[in-house]
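K.L.:
Sequence plus the predicted model coming up.
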Amino acid sequence: MPGADSGGDWRPVADLDTLRRRADLYADIRAFFAARGLLEVDTPALSAAANTDPHIESLVSRSMPGGPRRYLHSSPEFPMKRLLAAGSGDIWQLCKVFRGAEIGRRHNPEFTLLEWYRLGYDHHRLMDEVAELLAELDDSVAAPPTRLGYAEAVADLAGLDAVTADAAQIRQCIADHRVALPEGLGEDRDAWLDLLMASVVAPRFPGDRYTFLHDYPVSQAALARIVPGQPPVAARFEVFRGPLELANGFWELCDAREQRSRFAAECAARAAAGQRALPADERLLAALESGLPDCAGVALGVDRLLMLLAGRDDIREVLAFPHERA
């Protein structure tokens, strides 16, 4: 009859102890940034623009019935950079973000992200602060974090030269490690590198400490600046505990012309893959043109961190109501 319990799916998935642990985690995060004088900010979840990255699917909404199309943000990065350009100083935010087609033991379409920006920092100095935050939040780890360059990690743990290997060589390396090869990646070198990292390299990271992987290939710069060298590298880092990816950070690109070029390249890649066209964020580009201060920023997945702290193996176990019960 109406209102009857049809299988109990009205109930939360996370238990009360885990919900309390989440509340304590939020309080500890706020205390960390308050002690360092960062300003907590709040930016819109809806935007006229979308994330043009071909590997991220923005969810679509509408601001009002019959109104213009709006997109649920996949990160607060763009409006936070507008605040930085307007003179906000160091800022941080804890918010819900949304990404389509991401459901599984490590993914929920709606999840909680911690993002912050530091003026005058490069990616190495920001890694220091991320390590300080994790040390305060996670007392189960005694060993200091490991830091590895991307090329060093791929060479040591997969036996491959990530700088010179082409798509066929990367694919063969993955097969040599007895990983099933998916269909549809074609000659997309970066897609094969991502699979190599997820299936071969990251599973060999130690589980008793955090691993900071830095200086990514230029082709995977995303919103990071390029550091000249032989070869040049992207000033980007990611943080892992064992194979679980927790955070992604950049020494931020401040050049509006280069950012526009990257947006155009991403839109072209989406078109080539048959994905829907998405509008680039013109307000972000205008903010960059006005002058984004030299800064570094990082986004950390709070639900995944809570999984580690609570000893859970499935993201649904730390959410009150995951996607299927929302």
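P.N.:
Right, received. Where do you want to start?

K.L.:
can you tell me the helix or strand for W251?
P.N.:
strand 244-251 (DSSP states H and E).

K.L.:
From the contact counts, what lies against that strand?
P.N.:
With contacts defined as 3 or more CB pairs under 8 Å, 6 or more residues apart in numbering; DSSP states H and E, strand 244-251 has these neighbours: helix 123-137, strand 233-241, strand 295-301, helix 302-310. Using the backbone N, CA and C atoms, a C-beta is placed for each residue, glycine as well.

K.L.:
Can I get the ones you listed in TSV including mean pLDDT and mean neighbour count?
P.N.:
Below are the helices and strands packed on strand 244-251 laid out as TSV (pLDDT from 0 to 100; neighbours: other CB atoms under 10 Å):
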stretch	mean pLDDT	mean neighbour count
helix 123-137	98	17
strand 233-241	98	23
strand 295-301	98	23
helix 302-310	97	21
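
K.L.:
possible to save those as CSV with distance to R20?
P.N.:
What follows is those, written out as CSV (distance: least, CB to CB, whole Å):
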stretch, distance to R20
helix 123-137, 15
strand 233-241, 22
strand 295-301, 20
helix 302-310, 10
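
K.L.:
For D188, find the nearest of the ones you listed.
P.N.:
Closest to D188 of those, according to CB to CB: strand 233-241, at 17.5 Å.

K.L.:
Give me the contacts around that closest one.
P.N.:
With contacts defined as CB atoms under 8 Å, 6 or more residues apart in numbering, strand 233-241 is touched by 122-123, 126-127, 130, 134, 141, 149-150, 202, 205, 207, 209-218, 220-222, 224-227, 245-251, 298, 300, 308.

K.L.:
give the contact list for the closest residue to A191 other than its chain neighbours.
P.N.:
What sits nearest to A191 in space, not counting adjacent residues and going by CB to CB, 6 or more residues apart in numbering, is L185, at 4.6 Å. Taking CB under 8 Å, 6+ apart, we find L185 in contact with 167, 171, 191-192, 195.
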